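A.B. asks: my questions are about this predicted structure, shown below with the sequence.
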Amino acid sequence: MKKTCNGCRASYGDFCLLGYETHFVSKFLELFNAWVSIKTPLEQCPKPKTYSEYSLQAKLKSKER
């Protein structure tokens, strides 16, 4: 399973445009002396990194419904 949603075309704000469950994990980075929130998926997802991959996954996801 993917560890983060970084670089995912379907990642938008607090949710996934493909409908996969996500949540935020907060970590403290001592190097920057700051808290960082990282969005992670809760279920297996394809993580499309380009618009064409996202478009294909959106079409496949809509056929499932």
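C.D. replies: In hand now; what should we look at?
A.B. asks: if Leu29 is in a bridge, with which residues?
C.D. replies: Judged by DSSP bridges, the bridge partners of Leu29 are Ala34.
A.B. asks: could you check how far it is from Leu56?
C.D. replies: Counting by C-beta to C-beta, to the nearest Å, the gap from Leu29 to Leu56 is 35 Å. From N, CA and C alone the C-beta is placed, and that goes for glycine too.
A.B. asks: with Gly19 instead?
C.D. replies: Gly19 sits 15 Å away from Leu56, going by C-beta to C-beta.
A.B. asks: repeat that for Leu42.
C.D. replies: Noted for Leu42: a distance of 22 Å to Leu56, by C-beta to C-beta.
A.B. asks: can you map out the strands along this structure?
C.D. replies: Taking DSSP state E as the criterion, the chain carries its strands at 11-12, 15-16, 22-29, 34-41.
A.B. asks: can you list the buried residues in stretch 39-52?
C.D. replies: Lys39, Pro41, Cys45, Pro46, Lys47, Pro48 (16 or more other C-beta atoms under 10 Å).
A.B. asks: then stretch 12-19?
C.D. replies: Residues of stretch 12-19 classed as buried by neighbour count (16+ other C-beta under 10 Å): Cys16, Leu17, Leu18.
A.B. asks: repeat that for stretch 57-65.
C.D. replies: Across stretch 57-65, burial judged by 16+ other C-beta under 10 Å covers Gln57, Ala58.
A.B. asks: mean confidence score for it?
C.D. replies: In this model, stretch 57-65 carries a mean pLDDT of 86.
A.B. asks: same question for stretch 31-38.
C.D. replies: 92.
A.B. asks: and the buried residues of stretch 39-52 as TSV, adding distance to Lys61?
C.D. replies: Formatted as TSV, the buried residues of stretch 39-52 follow (distance: C-beta to C-beta, whole Å):
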residue	distance to Lys61
Lys39	19
Pro41	14
Cys45	10
Pro46	9
Lys47	13
Pro48	11
